[in-house]
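Participant: Have a look at this prediction, sequence included:
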Amino acid sequence: MPAAQRVGLAVAAIGAVLFSAKAIVAKLMYRYNVDAVMVITLRMLFAVPLFMAIGWWQARKLPALSWADRGRVVFLGFIGYYLSSFLDFIGLQYITASLERLILFLTPSFVLLTTALVFRRPIAARQWISLLLAYVGIVLVFAHDLDVSGPQVWLGGALVLGSAMSYGVYLILSGELVQRVGSLRLVAYAMCVSTFCCVVQYLALGRPIAELAQPAPVMWLSVVNAVFCTVLPVSLTMIAVARIGAPMASQAGMIGPVSTLLLAFWLLGEPISGVQMIGSALVLGGMYLLSTKKA
């Protein structure tokens, strides 16, 4: 394997681990009696200056957006980063970080099923096998967590599933727009839209501005969430895609659920059982088949 390819794989893997760690950071923040609204608002407030800088830097090299494209960016920012993130962080209050990451990891399967239904694209036998493996794995892990954590797993699972579906719609609708806007600029602009939505939501709920001044551990965890679990992994993933292509970067990203399982065990004390390992292996295997060239 060429050195450039190895570097690209390493960059993609690091990005996947960092992005997956946001669930761990959110769980740690919940220990300080903050809710999902506070977690996502602080995350975006700390992240938005960096995304504004990235957007400005990209805009210098690319043509200005049409009003139609600006409208599309606003919509994609709402469903892809605000709604998806909000549902995800609420769901994390009810389920383990490991189950959350596995459900989100099914996003490519939702994209496949949606495009098959909407655009009448056939699903190959290999793809059906990958879907079967992945969903059997999710059922195993879900049943395990249901037995351990109780009925609240249904609510948390449904919320995270909604998050994955929302992000899947973002991926489908952003395909053509990426070609005109540029991938990094689209992400930067969409994140700015998401921040605006978070602030509006915060104010609409009647939350006082002074409440944003949280204890030091919450603020530091928010900085970690914003910089190391949001801005940096997005940038690393884009770099990896440019170096080795989306399919290989996607396969390197499979380390994400595994890293979440280990980090949750290490930092949160979440147990690792044989059922979880088998279920995780099935999900990873299914998504691997889905990401290979033949699929």
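Facilitator: Okay, I see it. Numbers count the residues shown, from 1 in each chain.

Participant: Pull out the buried positions in stretch 99-114.
Facilitator: Using 16 or more other C-beta atoms under 10 Å as the test for burial, stretch 99-114 gives 99-112, 114. To be clear about C-beta, it is placed using only N, CA and C from the backbone, and glycine gets the same treatment.

Participant: Please flag which of those sit within helices.
Facilitator: Secondary structure defined by DSSP state H assigns 99-104, 107-112, 114 of these to helices.

Participant: Where does confidence bottom out across these?
Facilitator: When those are compared on pLDDT, P108 comes out lowest, with 80.

Participant: Spit out the contact partners of the closest residue to that residue other than its chain neighbours.
Facilitator: Spatially, and ignoring its direct neighbours in sequence, P108 is nearest to L290 (5.6 Å; C-beta to C-beta, 6 or more residues apart in numbering). By C-beta atoms under 8 Å, 6 or more residues apart in numbering, L290 lies in contact with P108, S109, L112, Q127, S130, L131, A134.

Participant: Ramachandran coordinates for L290?
Facilitator: Main-chain dihedrals, L290, degrees, to the nearest 10: phi -70, psi -30.

Participant: circling back: with distance to W154 added, can I get the ones in helices among the buried residues of stretch 99-114 in CSV?
Facilitator: Shown next, in CSV, are these (distance: C-beta to C-beta, whole Å):
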residue, distance to W154
L99, 12
E100, 14
R101, 18
L102, 16
I103, 12
L104, 17
T107, 20
P108, 24
S109, 20
F110, 19
V111, 24
L112, 25
T114, 23
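
Participant: quick one: low-confidence parts of the stretch 101-250 of the chain?
Facilitator: 246-247 (pLDDT under 70).

Participant: Could you check how far the residue nearest to P108 is from L203?
Facilitator: Going from L290 to L203 by C-beta to C-beta, to the nearest Å gives 41 Å.

Participant: ditto for Q58
Facilitator: 29 Å.

Participant: repeat for G162
Facilitator: Counting by C-beta to C-beta - G162 and L203 are separated by 24 Å.

Participant: between the two, which one's more packed in?
Facilitator: Legend: neighbour count by other C-beta atoms under 10 Å for G162 and L203, higher for G162 (18 against 12).

Participant: excluding its backbone neighbours, what's nearest the more buried one?
Facilitator: Closest to G162 by C-beta to C-beta, 6+ apart is L87, at 4.7 Å.

Participant: didn't the one you found look like it was pressed against A158?
Facilitator: No. With contact defined as C-beta atoms under 8 Å, L87 does not count as touching A158 (9.1 Å).

Participant: of those two, who's got more company?
Facilitator: The neighbour comparison of L87 against A158 (other C-beta under 10 Å) goes to L87, with 21 against 15.

Participant: now V37, what's its secondary structure?
Facilitator: helix (DSSP: H, G, I helix; E, B strand; the rest coil).

Participant: which ones are touching it?
Facilitator: Residues in contact with V37 (C-beta under 8 Å, 6+ apart) are Q201, Y202, L205, R207.

Participant: Ok, T260 next?
Facilitator: By C-beta under 8 Å, 6+ apart, the neighbours of T260 are S20, A21, A23, I24, A97, S98, E100, R101.

Participant: from memory the last one sits against G256, does it?
Facilitator: Meaning R101. Yes. If you go by C-beta under 8 Å, R101 and G256 touch, sitting 6.4 Å apart.

Participant: Pull up the overlap in contacts between the two.
Facilitator: The contact sets of R101 and G256 overlap at S20 (C-beta under 8 Å, 6+ apart).

Participant: by contact count, what packs against the top helix by length along the chain?
Facilitator: For the chain, the longest helix by residue count, based on DSSP H, is helix 152-181. Applying 3 or more C-beta pairs under 8 Å, 6 or more residues apart in numbering; DSSP states H and E, we find helix 152-181 packed against helix 67-77, helix 84-91, helix 97-104, helix 107-118, helix 125-149, helix 183-204.

Participant: among those helices, which is the most enclosed?
Facilitator: helix 97-104 (a mean of 27; mean count of other C-beta atoms under 10 Å).

Participant: could you give the angle of that helix to helix 125-149?
Facilitator: Angle of helix 97-104 versus helix 125-149, following axes from the mean of the first three to the mean of the last three C-alpha atoms, to 10 degrees, is 150 degrees.
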